[in-house]
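> sharing a model prediction with you, sequence too.
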Amino acid sequence: FLALPLLSTALSSYDIGSLFTLSIDESNTSGSPLLRVSSAANPDVVVIESLSSSALSEVEVLNDGEKASKGLRGSAIPPFLALGTSKVTKGPIKETQYVMKEREKWFSRTDSMSITAVNQPSPDSLVIEGTIYRSSNRDDTEATFTLTFSSATANPFEAASGASLDFDLQVEDGHGNRVYLNLASPADEKVYGHGLQYTSINHKSKTVPIIISEQGIGRGLQPITGFLNTFVGGAGGDWHTTYGCKPIFVTDRNRGFMLKNTEASIFDYSLLSSQGVEIEVWGYPLSGAIYYYRDTPLSFTEMLTEYTGRMSSLPTWTQEGAIVGLEGGSDIVEEKMAALQGAGVKMVGLWLQDWAGLHHSYDGDRLQWNWKLSDEQYPDWNDLRSGMEASGIKMMTYINPYFQANLDDPDAIPSSQYTTGDAAGYFIKNSANETYPFKSGSIKFGCLDVTNPEAVEWMKDIIKENLIGEAGSYGWMSDFGEAVPFDAVMHSGISGAEHHNEYPELWQKLNRDAVRELGMDDDIAFFSRSAYSKSPGNARVFWLGDQLTTFDEKDGLNTVVIAQQSGGLTGHSLAHSDIGGYTVVDYPLAHYHRSTELLKRWIELEAFSGSMFRTHVGSSFEDSDAQVWDDEDIMQHFGKFAKVFGYLKDYRASLFEKAELRGWPVARSMFMEFPGDAKVWDESLMASQLMFGSDFLVAPVVTDGDVTKGVYFPTYDGCTQWVSVWTGQTYDCGGPEVQVEAALGYIPVFYKSESQYGPGLKDFLATL
């Protein structure tokens, strides 16, 4: 990954298509050949390169302890390609939580490789054959390999703005269960991406695991994280635990990388004092792509989403106002909705996640996972629905791929969906060919096997008949998808380890297919949480998961700012979050309740960054937690920003069009727009402000009590000034950080002086 000249004279070069050159140096003193892929047009732009002493700014090597931890023997610098054998003593997923720590034991790892042949079957491809050895003296062959590079550039846009190169690795006679790619990367290179990351922005010097899971509660915030990780089976999570990680990254050196594998992988950016990256994949063969973008990372995202799929425009009704989350039965729902209507809040949706009833147990009242309308919870559902629809408010519900075995009513169990699915073999199984037993607190359940075609049709019928037909739902939370254990048995024969990360893609496809088969794709909006690489091609809109009801950067409001940007880089073009956060905690020594200030700040951010504007009552529907209907003050604040969100529908429509055609995100990092401004690549600045499309700079308040905000105004070719949407005050491009007013109700938002949308928004805000 380092743009340095190769020092050897034993150098062979090959053009792959018209855009890439691959060089092989076979005289490396460390024993293994060096590979380097660069831009044919600009050889100084290196897209991928082996580790070597000449590629390091300081010639450092692994010491004996580091080599032992990596399973290496003789080699000081790991070869470009290696195999390994490792045993996971326990699966890394337990009851949907990531619990990988201290569970993997090294056995061995190869130490050297050679290239035996290079063939070019066509101008657009190159095939490298070689041998992998257990040790550097090359007297003990481990396996042979074939590494194929092929030009994936097929359209004029890529040739003008960037290019991609596919790779495929086949291993013959291998005895291991791990593959390693060891690549050079300058210590000062900045690395972004990996899907939904909530805390880390620049991943350099960190180790990022790609295993989707529940994100946890706290994720490093103390004391809650330590308490839950110690006493509740890892439920606190860590900085890297996430519902939607992806084996995809992009850097500030005009390059990116993607793995197509669904097996777990680990990206170690701390290798050789952060001068390399080790990509560990839990299986082979291996395939993926490398990318070169010329000017802006928007080009990388556009090329990437040709593979991942792109998100499409949302139904127009979702863009005209607020979707209010409620629960508790018709009386409570009608009371709260009447208060909001009386305050003039523009509402377009009523989201009732408890439509299928409640499960009552030691862990409180939880949703019942039996996906049909509950006559007990909503005996007059049709009247409620009719009343809402008469006011222009559409009903929305909830579903997940789990089916509860222990319903509260024993008489209902024989005819429950779990009983039906279990008898038909619709759930994933264990090694004894029985339904794999899952548990979430007091709920015992089975997980839908989305590789079973009959199970998929059964679930689609539940969506069509129960959610859309009986409940009249125009959308739903499509929850979960992170639970597949590595030792699970699938109907298709795929292993649980290979299927775990893939599950969300198929779960989202199932939901989307059900909607499309009814011809309602333009009417229905379901929102998904879990994700992997190809999720954008099937998901309708993402929501960012279960944030804690705090301001903090580990699991609170600030993580929304970060996740919108990291997700947007890798295909999450349309996303939003639970307004106010979700997780309320009331444990000894750990109390996290939703304050009115937090709720207001969240409302402000979502109006200027979210693809939908939706509230959640939170995990605890208690008087101590602020809600949007609490009093006249909060209802006026909520109503004001619901109007703002509705006013911006035409602007978002233009962004949705770009998302559908080019994969560009609605909310995005500043460096996607202004890559020539070095300051916008800064990690701390990215945690503080983001772009809403190309026109608006948003600098949300993410610290409680703050009424001012430090803002940096990016510079770019042709930039004249930035303009406040609230006051019309102008600010120079690229100057020092400016402290601006940020009272509640006046989130700092600015537009480019040449924006066609900014002046109209400023005039509209003046009327509120």
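That came in fine, so what should we check first?
> spatially central, which residue of the protein would that be?
The centre of the chain sits closest to residue 196, judged by CA atoms, centre = their mean, with a distance of 2.7 Å.
> in the protein, what helix or strand scores lowest on average pLDDT?
Least confident helix or strand of the chain, by mean pLDDT, DSSP states H and E, is helix 64-70 with a mean of 51.
> beyond that helix, next helix or strand please.
Following helix 64-70 in sequence order, the next helix or strand is strand 81-88 (DSSP states H and E).
> give me the helices and strands touching that next one, please.
Packing partners of strand 81-88 (3 or more CB pairs under 8 Å, 6 or more residues apart in numbering; DSSP states H and E): strand 104-109, strand 125-133, strand 141-151, strand 178-184. Backbone N, C-alpha and C define where each C-beta goes, glycine included.
> in contact with residue 533, which residues?
Residue 533 makes contact with 246-248, 258, 260, 307-308, 505, 570-571, according to CB atoms under 8 Å, 6 or more residues apart in numbering.
> run the last query once more with 7 Å
Neighbour list for residue 533: 246, 248, 308 [criterion: CB atoms under 7 Å, 6 or more residues apart in numbering].
> in helices, which of the residues you listed fall?
The helices, defined by DSSP state H, take in residue 308 from the contacts of residue 533.
> top of the contacts of residue 533 by number of neighbours, please.
residue 246 (30 neighbours; other CB atoms under 10 Å).
> what's the burial count for the nearest residue to that one once chain neighbours are set aside?
Computed as CB to CB, 6 or more residues apart in numbering, the closest residue to residue 246 that is not its neighbour in sequence is residue 195, at 3.5 Å. Neighbour count of residue 195, defined by other CB under 10 Å: 26.
> okay but residue 195 is in contact with residue 244, surely?
Yes. Between residue 195 and residue 244 a contact is recorded at 4.7 Å, counting by CB atoms under 7 Å.
> common neighbours of the two, please.
In contact with both residue 195 and residue 244: 531, 567, using CB under 7 Å, 6+ apart.
> one step back: report the contact partners of the residue nearest to residue 246.
242, 244-246, 248, 531, 566-567, 570.
> residue 654: which of those is nearest?
Checking the contacts of residue 195 against residue 654 with CB to CB, the nearest one is residue 567 at 20.1 Å.
> may I have the phi/psi pair for the closest one?
With angles defined as degrees, to the nearest 10, residue 567 sits at phi -70, psi -40.
> hang on, it packs against residue 577?
No. Using CB under 7 Å, residue 567 is not in contact with residue 577; the gap is 10.9 Å.
> now do the helices in the stretch 251-400 of the chain.
271-274, 297-308, 330-342, 381-390 (DSSP state H, counting those that start in this stretch).
> what ranges do the strands span in the stretch 251-400 of the chain?
Assigned by DSSP state E, counting those that start in this stretch, the stretch 251-400 of the chain shows strands spanning 255-259, 265-268, 276-281, 286-293, 322-326, 347-352, 358-361, 364-367, 394-399.
> so for residue 741, which of those sits nearest?
Between the strands of the stretch 251-400 of the chain, strand 322-326 lies closest to residue 741; by CB to CB that is 25.9 Å.
> for the helix or strand hosting residue 48, name the packing helices and strands.
Per DSSP H and E: residue 48 is located in strand 46-49. Strand 46-49 is packed against strand 34-39, strand 178-184, strand 286-293, with contacts defined by 3 or more CB pairs under 7 Å, 6 or more residues apart in numbering; DSSP states H and E.
> pull out the buried positions in the last one.
By neighbour count on 16 or more other CB atoms under 10 Å, the buried set for strand 286-293 is 286, 288-293.
> over to the shortest one?
Burial within strand 34-39, assessed by neighbour count using 16+ other CB under 10 Å, is assigned to 34-39.
> can you list those in JSON lines and add pLDDT and distance to residue 643?
As requested, the buried residues of strand 34-39 are exported to JSON lines (pLDDT from 0 to 100; distance: CB to CB, whole Å):
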{"residue": "34", "pLDDT": "88", "distance to residue 643": "60"}
{"residue": "35", "pLDDT": "91", "distance to residue 643": "57"}
{"residue": "36", "pLDDT": "92", "distance to residue 643": "56"}
{"residue": "37", "pLDDT": "94", "distance to residue 643": "52"}
{"residue": "38", "pLDDT": "92", "distance to residue 643": "52"}
{"residue": "39", "pLDDT": "85", "distance to residue 643": "49"}
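> ok, of those residues, which one's closest to residue 633?
Nearest to residue 633 out of those is residue 39 (CB to CB; 57.3 Å).
> backbone dihedrals for residue 93, please?
When read as degrees, to the nearest 10, the backbone of residue 93 gives phi -120, psi 120.
> returning to that earlier point: and the helices and strands packed on strand 81-88 as CSV, adding mean neighbour count, distance to residue 441 and mean pLDDT?
Shown next, in CSV, are these (neighbours: other CB atoms under 10 Å; distance: least, CB to CB, whole Å; pLDDT from 0 to 100):
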stretch, mean neighbour count, distance to residue 441, mean pLDDT
strand 104-109, 15, 28, 67
strand 125-133, 20, 46, 94
strand 141-151, 19, 45, 93
strand 178-184, 24, 35, 93
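> looking at these, which is nearest to residue 398?
Comparing the helices and strands packed on strand 81-88 by CB to CB, strand 104-109 comes nearest, at 35.9 Å.
> which helix or strand lies directly C-terminal to the closest one?
Following strand 104-109 in sequence order, the next helix or strand is strand 112-122 (DSSP H and E).
> just checking, what packs against that next one?
When contacts are defined as 3+ CB pairs under 7 Å, 6+ apart, strand 112-122 sits against strand 125-133.
> recalculate using a threshold of 10 Å.
strand 11-16, strand 20-25, strand 81-88, strand 125-133, strand 141-151 (3 or more CB pairs under 10 Å, 6 or more residues apart in numbering; DSSP states H and E).
> what does the next helix-or-strand element following the third one rub up against?
Meaning strand 81-88. Proceeding N to C from strand 81-88, the next assigned helix or strand is strand 93-94, under DSSP H and E. The contact list for strand 93-94 (CB atoms under 10 Å, 6 or more residues apart in numbering) reads 99-100, 103, 211-214, 233-235, 264, 482-488, 496-497, 500.
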